[in-house]
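# next come a sequence and a model predicted from it.
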Amino acid sequence: QVQLVESGGGLVQAGNSLRLSCATSGLPGRYDYMAWFRQAPTKEREFVAAISGSGLSTYYADSVKARSTISRDTAKNTVYLQMNSLKPEDTAVYYCAANYRGGYARIENYAYWGQGTQVTVSS
């Protein structure tokens, strides 16, 4: 049984930092990408960051690129998203997902999803 469990969200003031975690289990073989997406109220889910299966490549949305770092700990089967200098517009539910089809920014290429963790940034 595949499980992706996000944690680390919460309420923070603008300018502060958060580290989100995604603990995985049961994933079949080596993924192409692990990624973070987010969805704000009334908006579509959008790509935030991805890390390749080798761990050698990372990718970011322009909106977070200068403020975020995606990483992983293979021994713990966990992927992280460090977000700094948080802004109110970062408020959203953050989801991690696993991809076995390539095309790291395309939602439809992600077969497995977590339940999400809420991040709220107050001004």
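On my side now, so go ahead. Since the structure is predicted, the reported quantities are computational estimates derived from the model, not experimental observations.
# for burial, what's the neighbour tally of residue 73?
12 (other Cβ atoms under 10 Å). For every residue, glycine as well, the C-beta is placed using N, CA and C.
# er, residue 65 I mean
Neighbourhood size, residue 65 [other Cβ under 10 Å]: 12.
# the one 3 residues further on now?
Per other Cβ under 10 Å, the neighbour tally for residue 68 reads 22.
# ok, it to residue 87 distance?
Between residue 68 and residue 87 the distance is 12 Å, computed by Cβ to Cβ, to the nearest Å.
# any chance you could map the strands in this protein?
3-7, 10-13, 18-25, 33-39, 46-52, 58-60, 68-73, 78-83, 92-99, 110-113, 117-122 (DSSP state E).
# got the contact list for the second one?
When you say that, I think you mean strand 10-13. 18, 86, 118-123 (Cβ atoms under 8 Å, 6 or more residues apart in numbering).
# before we move on, the earlier item: got the strands of the chain as CSV, with mean pLDDT columns?
Shown next, in CSV, are the strands of the chain (pLDDT from 0 to 100):
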stretch, mean pLDDT
strand 3-7, 98
strand 10-13, 98
strand 18-25, 98
strand 33-39, 98
strand 46-52, 98
strand 58-60, 98
strand 68-73, 98
strand 78-83, 98
strand 92-99, 98
strand 110-113, 98
strand 117-122, 98
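# if we can go back for a sec, so how do I select the buried members of the contacts of strand 10-13 in ChimeraX?
In ChimeraX, a selection of the buried entries from these looks like this (16 or more other Cβ atoms under 10 Å):
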select :18,86,119,121
